[in-house]
Structures are given as C-alpha cells and as structure tokens.
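Trainee: Sharing a model that was predicted from the sequence below.
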Amino acid sequence: MSDEARVGDVGEGYVDRGDLTTGVNVPARAVGIARATLEDTVAYTTEREQFGHPVADFQGLRWRLGEMAERVETARLLTLRAADRADRGRDATREFSMAKIHATEAAVENANEAMQLHGGVGYTTERDAERYLRDARLLTIAGGPNEGHRDTLADAVVERYGRSRGETSGAT
C-alpha cells in the first residue's frame with residue numbers, strides 16, 4: 001500500500017479497533033435498519049388482508065408496530081445524544097456504549113418482529129425482512145461486540161455514580 005492511501009500509523013489498526021468509543025456509525029446504521037423494518041412492516045401489514053381487513057387493523061398487531069416505533073425512537077435519541085456529546089468535545093464513552101447496545105438490539109428485535117409479521121414471505125428475497133435480520137445481527141458484533149460495550153458502559157457507570165470507599169451514605 002502506498003503512503004498516500006494509508007489511514008493512520010502502521011500497526012495501529014488493531015489498537016484503534018479496540019477503542020469502543022470510536023463513533024456513532026454503527027448505532028446510526030442500526031437506527032436506519034430498525035426504522036426500515038418498521039416502515040416496511042407497516043406498509044406490508046396495511047396491504048395484507050385477512051378476514052376482509054388489513055392485518056394492521058388488528059389491535060395486537062398495532063401494538064407490536066407501536067413497540068417497533070418506540071425502539072426506533074429511543075435508539076435514535078440515544079445515538080443523537082452520543083453524537084452531540086462527542087461534537088461538544090465531552091467524554092461520550094458511556095453514551096456511545098448505550099447507543100451501540102440499544103440501537104443494535106433494537107434493530108435485531110425489529111427485524112425479528114418484521115419477519116414474524118411478514119409471515120412466510122418474510123423469509124424470501126421478495127421482501128427485505130430477511131436481509132434486515134442478517135444486517136442487524138451483524139451490527140451487534142461490528143464496532144466491538146455488545147458484550148464489550150456492556151463492560152465499557154458498566155465501568156463508566158461505576159465511575160460516574162460510584163463512591164470512593166471513604167465515603168458513606170449516612171446509613172449504618
């Protein structure tokens with residue numbers, strides 16, 4: 001590789017990969033997948049009819065669509081919060097880990113829901129549901145597996161909310 005095409009220093013790629021606070025790329029992609037699964041599922045369930053009605057008319061299914069929307073919005077807000085904190089030059093370790101964990105798991109949950117609500121056609125390449133599930137699952141590993149982010153998050157939480165051993169809560 002020529003020096004003009006090199007990004008970073010030789011031998012430092014693995015060091016950078018081990019840093020779990022490198023950005024919001026993965027959570028942002030996960031938000032996109034979670035949202036796409038919601039949009040596609042709403043479109044499909046409003047078109048698909050059973051018993052003379054679109055299946056989206058059934059209360060239980062509508063609640064599931066609502067839960068999918070909740071996951072999209074909470075993942076989006078956590079991702080935006082992490083990005084804002086980083087843009088302001090503040091430590092965003094905790095926020096990045098929260099966003100990565102929540103957004104990637106929201107994408108997987110929404111993709112699973114989309115597969116279920118699409119029925120058999122969801123397993124075919126006729127619809128995007130099967131691809132969303134594959135792509136969403138990959139994001140729980142990409143950018144560092146969620147287990148690593150759970151460790152990073154736990155460390156940040158203990159550091160932020162923990163007390164030194166010399167402090168007491170006033171309780172005996």
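Mentor: Nice, I can see it.
Trainee: then stretch 113-124 to CSV, C-alphas only?
Mentor: Written as CSV, here are the backbone C-alpha positions of stretch 113-124 (Å, rounded to 0.1, in the frame of the first residue of the first chain):
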residue,chain,number,x,y,z
GLU,A,113,-40.7,-8.7,14.6
ALA,A,114,-40.8,-7.8,10.9
MET,A,115,-40.0,-11.5,10.0
GLN,A,116,-42.9,-12.6,12.2
LEU,A,117,-45.4,-10.1,10.9
HIS,A,118,-44.4,-10.7,7.2
GLY,A,119,-45.1,-14.4,7.7
GLY,A,120,-43.6,-16.8,5.2
VAL,A,121,-42.9,-14.1,2.6
GLY,A,122,-40.5,-12.6,5.1
TYR,A,123,-38.1,-15.5,4.6
THR,A,124,-37.9,-14.9,0.9
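Trainee: Check which residues of the longest helix along the chain are buried.
Mentor: Assignment by DSSP state H gives helix 59-87 as the longest helix of the chain. Buried residues in helix 59-87, defined by neighbour count with 16 or more other Cβ atoms under 10 Å: 61, 64-65, 68, 71-72, 74-76, 78-83, 85-86. Any C-beta I mention is one placed from the backbone N, CA and C, and that applies to glycine too.
Trainee: Give the other helices and strands that it contacts.
Mentor: helix 25-47, helix 93-118 (3 or more Cβ pairs under 8 Å, 6 or more residues apart in numbering; DSSP states H and E).
Trainee: any idea of the angle it forms with helix 93-118?
Mentor: Following axes from the mean of the first three to the mean of the last three Cα atoms, to 10 degrees, one obtains 160 degrees for the angle between helix 59-87 and helix 93-118.
Trainee: List the contacts of the spatially most central residue of the chain.
Mentor: Residue closest to the average C-alpha location in the chain (Cα atoms, centre = their mean): residue 103, at 1.6 Å. With contact set as Cβ atoms under 8 Å, 6 or more residues apart in numbering, residue 103 has these partners: 26, 27, 28, 30, 31, 34, 75, 76, 78, 79, 139.
Trainee: can I assume the fifth one is in contact with residue 72?
Mentor: Meaning residue 31. Yes: using Cβ atoms under 8 Å, residue 31 makes contact with residue 72 at a distance of 6.7 Å.
Trainee: most tightly surrounded among the helices and strands packed on helix 59-87?
Mentor: helix 93-118 (a mean of 24; mean count of other Cβ atoms under 10 Å).
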